[in-house]
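> heads up, no residue letters with this:
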């Protein structure tokens, strides 16, 4: 008897496509990041690590821990919490959910990042899709911290 896995949600499919699209593509390179023979999921960030993301223009930040995203903006300094699902692709992680009735996807990929406002350097880039709008920023974890001043 054949059994079929539960179909992937459109958000997970979109996130996996975007994770591949976040990598630079040079002449002769594959549009899929990493070693094509390596099928292991991204493991630079452990499932139990809290992930911190931030961006500017507009200012936003979020903390992802225990399957929950706490999303903050200057207009919502206390933040809004929402459940998210984690997906480890080949080129990074994505977290998908719904925020204020809009689909939200937070993608984290390895790569040096600057927020453009401080003298900090972050080990990951963050790309957020929120209700169709794309926000770009940086990310870090306690195990992979940013470098630079504590309070810029």
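Looks like it came in fine. Note that this is a predicted model, so its numbers are computed, not measured. Numbers count the residues shown, from 1 in each chain.
> which stretches of the chain have low pLDDT?
1-35, 151-152 (pLDDT under 70).
> centroid residue for this protein?
residue 107 (2.3 Å; Cα atoms, centre = their mean).
> Dig out what that one forms beta bridges with.
Using DSSP bridges, the beta-bridge partners of residue 107 come out as residue 94, residue 127.
> can I assume it is in contact with residue 124?
No - look at residue 107 against residue 124 with Cβ atoms under 8 Å: they stay out of range, at 9.8 Å. (Each C-beta comes from the backbone N, C-alpha and C, glycine too.)
> Overlap in contacts, those two.
residue 92 (Cβ atoms under 8 Å, 6 or more residues apart in numbering).
> And the helices in this protein, which stretches?
10-21 (DSSP state H).
> All the strands of it, in order from the start?
Ranges of strands within the chain are 51-55, 60-65, 68-73, 76-88, 92-99, 102-113, 122-130, 133-140, based on DSSP state E.
> Stretch 120-134: end-to-end distance?
22 Å (Cα to Cα, to the nearest Å).
> how about it: buried residues?
120, 122, 123, 124, 125, 126, 127, 128, 129, 130 (16 or more other Cβ atoms under 10 Å).
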